[in-house]
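Student: Return a 3D structure for these sequence lines:
(one chain, ligands or ions: 2)
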Amino acid sequence: MLKLMKKLIQGGRFTPDCYSDEIEKKIQRYRKEKIKLPPRKVLRTPEQIEGIRKSAKINTALLDYISANIKEGITTAQIDKWVYDFTTEHGAIPAPLNYEGFPKSVCTSINEVVCHGIPSEHRVLKSGDIVNVDVSTILDGYFSDASRMFMIGKVDEEKQRLVQVTKECLELGVAAAQPWARLGDVGAVIQEHAEKNGYSVVRDLCGHGVGLKFHEEPNVEHFGRRGTGMLIVPGMTFTIEPMINMGDYEVYVDDEDGWTVLTDDGAPSAQWENMILITETGNEILSK
Ligand code: MF3
Ligand code: CO
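Tutor: Ligands and ions are numbered 1, 2, ... in the order given. As a prediction, the model looks like this:
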């Protein structure tokens, strides 16, 4: 009741006070057209953006560190140790650790594992593997999230092409994530590029708002139709992280560990993830 009163007294200004009248006016125009708007709480203030940017810098540096060191013959537990040590040495916390019971600091997802693979002392990286390393960082309460693919030793051409096309899907998605576009525009370009290449887009997992929490609104689907879905507004921070399968898009969760997501048909899957900030003129990649 008190909350509702407060909203009414505010007189319907949608954006935080620090936002320009121009942005506010534009939003009100779309609001009249009944286009789905982002919740107010996901529009960041400049101070929040500064905090999120700092967190994201460490996250990218961590991926650079992994890129420089990952190689055939190491275990995924070794990657987990790198992530824990690097992150804590930078005064930050690995967001996956203990997140809803996740037991490690990073997700390592190999071949037919789509995402959320748990690092293990028993899994050695071998020639021909394609592996996604997904890292997420908390610094001073601000969250960041990104992932890359790595090809170990000699990878067959089919898998190389899957990794390359998935990267292109991400890049096209980022290019489509413009202020005043729609989330459906992002999904559509990703889906079109994947399917044109004979691949499928995982439906059950999506990108997400990130910054003040690990996973926030909105859901960012990697399939969809242009001109549909939520309005993209300056001040939003979210991930785009297409999971593209060589075969069918159906996936399942390993019921022994409750985390590992695998393709139903056992065919390989790839994923790349960027975290972006929507600006007044385009977007800024915060972590990649
Ligand atoms: N980093 C993943 C993402 O991109 C989420 C992992 S949740 C975890 O959204 F618990 F598995 F770490
Ligand atoms: Co993510």
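Student: ok, residue 204 touching residue 251?
Tutor: Yes: counting by C-beta atoms under 8 Å, residue 204 does reach residue 251; the two are 5.6 Å apart. Every C-beta, even on glycine, is put in place using the N, C-alpha and C of the backbone.
Student: List the residues that are in contact with both of the two.
Tutor: Listed as contacting both residue 204 and residue 251 by C-beta atoms under 8 Å, 6 or more residues apart in numbering are residue 261.
Student: middle-most residue in the protein, spatially?
Tutor: Residue closest to the average C-alpha location in the chain (C-alpha atoms, centre = their mean): residue 239, at 3.3 Å.
Student: Which stretches in the chain count as helices?
Tutor: Using DSSP state H, the helices of the chain run over 2-9, 21-32, 46-69, 76-89, 157-176, 183-196.
Student: Show me which of those helices has the highest average neighbour count.
Tutor: When these are scored by mean count of other C-beta atoms under 10 Å, the highest mean neighbour count falls to helix 183-196 (a mean of 22).
Student: Which other helices and strands does that one contact?
Tutor: Where contact means 3 or more C-beta pairs under 8 Å, 6 or more residues apart in numbering; DSSP states H and E, helix 183-196 is packed against helix 157-176, strand 200-201, strand 216-220.
Student: Next, the angle strand 216-220 makes with that helix.
Tutor: For helix 183-196 against strand 216-220, the angle by axes from the mean of the first three to the mean of the last three C-alpha atoms, to 10 degrees is 40 degrees.
Student: Residue 152 is in contact with residue 163, correct?
Tutor: No: judged on C-beta under 8 Å, residue 163 makes no contact with residue 152 at a distance of 11.3 Å.
Student: near ligand 2, which residues of the stretch 101-250 of the chain?
Tutor: 145, 239 (C-beta under 5 Å from the ion).
Student: Pick out the residue of the stretch 101-250 of the chain closest to ligand 1.
Tutor: Nearest residue of the stretch 101-250 of the chain to ligand 1: residue 102, at 3.3 Å (C-beta to the nearest ligand atom).
Student: so what's that residue scoring on pLDDT?
Tutor: pLDDT recorded at residue 102 is 98.
Student: Excluding chain neighbours, give the residue nearest to it in space.
Tutor: Once flanking residues are discounted, residue 102 sits nearest to residue 96: 4.9 Å by C-beta to C-beta, 6 or more residues apart in numbering.
Student: and the one you found, what does it touch?
Tutor: 102, 104-107, 134, 136 are the contacts of residue 96 under C-beta under 8 Å, 6+ apart.
Student: ok, and the most crowded of those?
Tutor: Most neighbours among those, by other C-beta atoms under 10 Å: residue 136, with 30 neighbours.
Student: Settle this for me: that residue is touching residue 142, isn't it.
Tutor: No: in this structure residue 136 lies outside contact range of residue 142 using C-beta under 8 Å: 11.3 Å.
Student: thinking again about what came up before, wait, the residue nearest to the centre of the chain touches residue 273, no?
Tutor: Yes: using C-beta under 8 Å as the test, residue 239 is close enough to residue 273 to be in contact (5.6 Å).
Student: which residue sits closest to whatever residue of the stretch 151-288 of the chain ends up closest to ligand 2, ignoring its sequence neighbours?
Tutor: Closest contact between the stretch 151-288 of the chain and ligand 2, by C-beta to the ion, is at residue 239 (4.2 Å). In this structure, residue 239 finds its nearest non-sequential neighbour in residue 207, 4.2 Å apart by C-beta to C-beta, 6+ apart.
Student: quick one: low-confidence ranges for this protein?
Tutor: Counting by pLDDT under 70, the chain has low-confidence residues at 1-11.
Student: Quick one: name the residues of it near ligand 1.
Tutor: 96, 99-100, 102, 107, 116, 134, 136, 145, 241, 273 (C-beta under 6 Å from any ligand atom).
Student: one step back: looking at the helices and strands packed on helix 183-196, which is nearest to residue 43?
Tutor: Counting by C-beta to C-beta, residue 43 lies closest to strand 216-220 out of the helices and strands packed on helix 183-196; the figure is 11.1 Å.
Student: which other helices and strands contact the closest one?
Tutor: helix 183-196, strand 207-209, strand 237-240.
Student: Residue 240 bridge partners, please.
Tutor: On the basis of DSSP bridges, residue 240 is bridged to residue 274.
Student: wait, isn't it in contact with residue 221?
Tutor: No: applying C-beta under 8 Å as the test, residue 240 and residue 221 come out as separate, 10.1 Å apart.
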